[in-house]
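Visitor: Make a model of this:
(chains A and B)
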Amino acid sequence: MRYLENVTSLEFFSDKCTGCGRCVEVCPHAVFIMNTRKAALRDKDMCMECGACTRNCAFGAITVNAGVGCAAALINGIIAGSEPSCGCGDTSNACC
Amino acid sequence: MSKTREDMKNVSCCGTQYKEISDNSLCCPKQEVPEIGFVPSIVSRVSAEWTWRDYLGQIRCRVSSFRNSYAVRPGLYAVGNPDRESDIFVSANYKISFDVLRRALKGINAWILVLDTKGINVWCAAGKGTFGTDELIKRIGESHLEKIVIHRRIIVPQLGAPGVSAHIVQQKTGFRISYGPVDAQDIRQYVEAGHKATEKMRRINFSMWDRLVLTPMEVIPALKGYAIYATLIFFIMGLKPSGIIFKDGLANGLPFFILGFLAVLSGALITPLLLPFIPFRSFAIKGWLVGSMVILIAIKYISPAMPVAAFSLLFFPLASSYIALQFTGSTTFTSMSGVKKEIRFAMPVYISAAFISIVLLVFFKLNQWGVL
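Guide: Just a heads-up that it's a prediction; the model follows:
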């Protein structure tokens, strides 16, 4: 299944990549691929902006505006004039 | 917040009292037989088997807000008879996340390190950052993992990666993160392959079954909106210059009740189920298409008066579209930028259509009263 084309905020800076392979490991949509010495974008439009690659890139070679792809969260955010929030887990229902 | 939650706080393990809850082993898994073999007494031992309660709990989570309070106590657990060499698997304290992991570990001796994610599943909590770098570092320290095992590797579910910086965890704790497979069912194969996931194990799927189990929580909230809508329609349809006529409210409202219900089903059930088979990428358009088809067919059978038909063809497909757009929050592949784009073009359409629909209803009523 694919979503809208040419919308993702994902950017990859090949010059900073050391080829550690973490991005390939964490991406659930195989957006990255390992070439001989470095990672490369394989299918950018599959990106769902979860942010796993950015957070696990120790070399700052990847940027993405990560967030929830959820209409209710975005509409709530617009109405409240705040960051998008899906409301789940924000209340203190911590167990212990 | 809710009453149930407050009740839970009193009887569950929350706070310092580790009592067992009568109807469920929710927050506190029973502290079974401490000090067997190597397992230290501070660690709870859990079974890899599911009881009927675990199945029931999962079903309740799929259909109600019960899921907001289905949590286990964070900390270290033992499955089987783990020792100093055994693997450590990290999970969230949403009980289903924990249950799915322990079931997948059947026949494996392992440690489970449960993070405090406020009762939210791994992927959602990672997105929020509660399944995150700081919490993981803190739990590794508090559980004294460095004394419990001699190796320095820890297995974090791949879907936890949006919240965790593996390199920072390694810097701060010495433990090197291996990201495990997306699906817990692949864990055995992953372990046997020497902690290596195949490309297939790294991918998230979204099968028709995956989508089906999500639909009750699309349909039920939508039905709450439907109840308000049906009440309004009842009063509007029953409204006469002389007062509100109960019989008219039901009789004239009937087509609206049926068509409204069909719009809910189109957006909350049919669109999610048939997602990949409906043309266009946009959820708003998918929902509108399905809604239009369903409403067109229904109108053929109901054959309502002309103004009602006009209202129906405008209003209900867009209601279906709006409901279908909400499903973006439950999918495994929609991005924030994409959903923002959808909202930018869809919201003005919804708002104008709602306005025109109200005007049409007013005309319909005035016509009915013979004013026009």
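
Visitor: switch to C-alpha atoms for all contacts and neighbour counts from now on
Guide: Will do.

Visitor: Is the lengthiest helix in chain A positioned near chain B?
Guide: Longest helix of chain A, by residue count under DSSP state H: helix A:71-80. Yes - residues of helix A:71-80 are located near chain B by Cα under 8 Å from any Cα of the partner chain, namely A:71-74.

Visitor: Same question for that helix: list its buried residues.
Guide: Neighbour counts using 16 or more other Cα atoms under 10 Å in any protein chain shown place A:71-76 of helix A:71-80 among the buried residues.

Visitor: one step back: could I get the residues of helix A:71-80 next to chain B as a markdown table with pLDDT?
Guide: Listed next are the residues of helix A:71-80 next to chain B as a markdown table, based on pLDDT from 0 to 100:
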| residue | pLDDT |
| --- | --- |
| A:Ala71 | 86 |
| A:Ala72 | 83 |
| A:Ala73 | 83 |
| A:Leu74 | 86 |
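
Visitor: Show me what the longest helix of chain A packs onto, helices and strands only.
Guide: The helices and strands touching helix A:71-80, judged by 3 or more Cα pairs under 8 Å, 6 or more residues apart in numbering or on different chains; DSSP states H and E, are helix B:306-326, helix B:336-368.

Visitor: Distance check, B:Leu259 against chain A.
Guide: According to Cα to the nearest Cα, to the nearest Å, B:Leu259 and chain A sit 24 Å apart.

Visitor: what about dumping the CA coordinates of the strand or helix carrying that residue to CSV?
Guide: Using DSSP states H and E, B:Leu259 maps to helix B:246-265. Output of helix B:246-265 as CSV, limited to C-alpha atoms (Å, rounded to 0.1, in the frame of the first residue of the first chain):
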residue,chain,number,x,y,z
PHE,B,246,-43.2,12.2,17.2
LYS,B,247,-44.7,10.1,14.4
ASP,B,248,-43.5,12.5,11.7
GLY,B,249,-40.0,12.6,13.3
LEU,B,250,-39.7,8.8,12.8
ALA,B,251,-41.5,8.5,9.5
ASN,B,252,-39.8,11.5,7.7
GLY,B,253,-36.5,10.8,9.4
LEU,B,254,-36.3,7.2,8.4
PRO,B,255,-34.4,7.7,5.1
PHE,B,256,-32.0,9.9,6.9
PHE,B,257,-31.4,7.4,9.6
ILE,B,258,-30.7,4.6,7.1
LEU,B,259,-28.5,6.7,4.8
GLY,B,260,-26.6,8.1,7.8
PHE,B,261,-25.9,4.6,9.1
LEU,B,262,-24.7,3.5,5.7
ALA,B,263,-22.4,6.5,5.6
VAL,B,264,-20.8,5.4,8.9
LEU,B,265,-20.4,1.8,7.6
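
Visitor: Need the CA coordinates for the helix or strand of chain A with the lowest mean pLDDT. PDB is fine.
Guide: Using mean pLDDT, DSSP states H and E, helix A:71-80 stands out as the lowest-scoring helix or strand of chain A, at a mean of 83. The C-alpha trace of helix A:71-80 is given here as PDB (Å, rounded to 0.1, in the frame of the first residue of the first chain):
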ATOM      1  CA  ALA A  71      -6.200  13.200  10.800                       C
ATOM      2  CA  ALA A  72      -7.800  13.400  14.200                       C
ATOM      3  CA  ALA A  73      -4.500  14.400  15.800                       C
ATOM      4  CA  LEU A  74      -3.900  17.100  13.200                       C
ATOM      5  CA  ILE A  75      -7.400  18.500  13.400                       C
ATOM      6  CA  ASN A  76      -7.200  18.500  17.200                       C
ATOM      7  CA  GLY A  77      -4.000  20.400  16.900                       C
ATOM      8  CA  ILE A  78      -5.500  23.000  14.600                       C
ATOM      9  CA  ILE A  79      -8.500  23.500  16.900                       C
ATOM     10  CA  ALA A  80      -6.400  23.700  20.000                       C
END
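
Visitor: I'd say B:Phe333 and A:Thr8 touch.
Guide: No - in this structure, B:Phe333 is not within contact of A:Thr8 by Cα atoms under 8 Å, at 11.7 Å.

Visitor: Quickly list what's touching both of those two.
Guide: Contact criterion Cα atoms under 8 Å, 6 or more residues apart in numbering or on different chains; residues shared by B:Phe333 and A:Thr8: A:47-48.

Visitor: what's the burial count for the residue in the stretch 101-250 of chain B positioned nearest to chain A?
Guide: Residue of the stretch 101-250 of chain B nearest chain A, by Cα to the nearest Cα: B:Pro162 (3.6 Å). Neighbours of B:Pro162 under the rule other Cα atoms under 10 Å in any protein chain shown: 30.

Visitor: Leaving out sequence neighbours, find the closest residue to it.
Guide: In space, and not counting its chain neighbours, B:Pro162 is closest to A:Ala52: 3.6 Å by Cα to Cα, 6 or more residues apart in numbering or on different chains.

Visitor: Next up, the contacts around that neighbour.
Guide: Counted by Cα under 8 Å, 6+ apart, A:Ala52 has contacts A:23, A:26-27, B:161-164.

Visitor: same thing but 7 Å
Guide: Each residue near A:Ala52 by Cα atoms under 7 Å, 6 or more residues apart in numbering or on different chains is listed here: A:26-27, B:161-163.

Visitor: which pair in those residues spans the largest distance?
Guide: Between any two of the contacts of A:Ala52, the greatest separation by Cα to Cα is 12.7 Å, found for A:Cys27 and B:Gly163.

Visitor: Tell me which residues touch the residue nearest to A:Tyr3 when sequence neighbours are not counted, please.
Guide: Distances taken as Cα to Cα, 6+ apart place B:Arg281 nearest to A:Tyr3, at 5.4 Å, with adjacent residues excluded. Listed by Cα under 7 Å, 6+ apart, the contact set of B:Arg281 reads A:2-4.

Visitor: got the phi/psi numbers for B:Arg281?
Guide: Taking degrees, to the nearest 10, you get phi -90, psi -30 for the backbone angles of B:Arg281.

Visitor: roughly how far apart are it and A:Asp45?
Guide: From B:Arg281 over to A:Asp45 the distance is 12 Å, taken as Cα to Cα, to the nearest Å.

Visitor: B:Ile137 too?
Guide: B:Ile137 is 33 Å from A:Asp45, by Cα to Cα.

Visitor: give me the number of residues near residue 46?
Guide: Assuming you mean chain A. The burial count for A:Met46: 22, using other Cα under 10 Å.

Visitor: wrong chain, I was asking about chain B
Guide: Counted with other Cα under 10 Å, residues neighbouring B:Val46 total 17.

Visitor: who's it bridged to?
Guide: Taking DSSP bridges as the rule, B:Val46 bridges to B:Val79.

Visitor: Would you confirm that it contacts B:Leu76?
Guide: No - using Cα atoms under 7 Å as the test, B:Val46 is too far from B:Leu76 to be in contact (10.4 Å).

Visitor: So chain A: which segments form each domain?
Guide: Domain segmentation of chain A under automatic domain parsing yields A:11-65, A:67-96.

Visitor: Noted, bye for now.
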